[in-house]
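Asker: sequence plus the predicted model coming up.
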Amino acid sequence: MSTAARIDFLKGHGTENDFVIVPDPDGRLDLTAAAVARICDRRAGLGADGVLRAVRAAAHPEARAMADEAEWFMDYRNGDGSVAEMCGNGVRVFARYLLHAGLAEAGDLAVATRAGVRRVHVAKTGDVTVGMGRAALPEGSAVITVGERTWPSRNVNMGNPHAVAFVEDLTHAGALLDAPGVAPAAVYPEGVNVEFVVDRGPRHVAMRVHERGSGETRSCGTGACAVAVATARRDGTDPALTGTPVTYTVDVLGGTLEITELPDGTVEMTGPAVIVAEGTLDRAWLAGGTA
């Protein structure tokens, strides 16, 4: 761990997908998987779906190539400590943190992630819009199983993998304490986020999600994007062919997100991001969760 006398943190959420933010501008903090899991423990730790470590891109080996485009790198970790490529709600909260900390101004900014640079528009108050990049639609697909029920799924990649299943009732997804069955598993060699989706009205759906490494979460930004794209294709809509943007309202357990797919294939996500608290981690306690 860092030799600093204190380790500061903040807590924030985007549609109740919650994160602990750890400022580490110079990349000096050795944040192990065990330490992340300790922080995210909802009974013995601070409690969160994941950790957002804020590092200057020039100070992180995975982000140096993006430093000319983005000053800050979002080093995102799942609740179990595993590394993830991207987190849509996390990017919104990360951007809100930069504004809160005086490290960025309201308006347009860039955030480096393992899935590439993401363009963000941050209002002084209210919602944050993130350019989530283009959705990839790989050929392979998997069957999703919960209990005795099975569904086909659509393979969508938003910088991280998603399996989108349309169901009759969201309760059919079960408790989602354990990962749903995914077969063949070889379709997703690094694991997958699984979304269960129902229709609520014209261009309006609701979803539940099991995030790999975190379990069921109250929201998943990349998952909402994947759901909107999968639903558009199910509905016979492709902005690349029509030349017209298409927007879906996606209800998650923690709120509502607006997802727009543009004719150039870019997906934009708009939703809230809130910083709720800040404090200092006890180094002795955290050291108990490190290697």
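Answerer: Sure thing, it's come through.
Asker: doesn't His162 belong to a strand?
Answerer: Yes - with DSSP: H, G, I helix; E, B strand; the rest coil as the criterion, His162 is part of a strand.
Asker: burial of it, as a residue count?
Answerer: Residues near His162, counting by other CB atoms under 10 Å, number 28. For the C-beta atoms, the positions are set from N, CA and C on the backbone; glycine is no exception.
Asker: and the one 5 residues further on, by the same measure?
Answerer: By other CB under 10 Å, the residues close to Val167 number 18.
Asker: how confident was the prediction at Leu46?
Answerer: Looking at Leu46, its pLDDT stands at 96.
Asker: quick check on the residue nearest to Leu281 when sequence neighbours are not counted: phi, psi?
Answerer: Leaving out its chain neighbours, the residue that sits closest to Leu281 by CB to CB, 6 or more residues apart in numbering is Ile7, at 4.2 Å. When quoted as degrees, to the nearest 10, the phi and psi of Ile7 stand at phi -120, psi 110.
Asker: what bridges to Asp199?
Answerer: According to DSSP bridges, the residues that bridge with Asp199 are Val205.
Asker: any idea how far it lies from Phe166?
Answerer: In this view, Asp199 and Phe166 are 8 Å apart by CB to CB, to the nearest Å.
Asker: show me where the stretch 1-150 of the chain has strands.
Answerer: 7-14, 17-23, 50-56, 72-78, 107-113, 116-122, 128-134, 143-146, 149-152 (DSSP state E, counting those that start in this stretch).
Asker: over to the stretch 151-291 of the chain?
Answerer: Secondary structure of the stretch 151-291 of the chain (DSSP E, counting those that start in this stretch): strands at 154-157, 161-166, 181-183, 193-201, 204-211, 215-217, 246-252, 255-261, 266-271, 274-281.
Asker: pick out the shakiest of these, pLDDT-wise.
Answerer: Looking over the strands of the stretch 151-291 of the chain, mean pLDDT reaches its minimum on strand 215-217, with a mean of 92.
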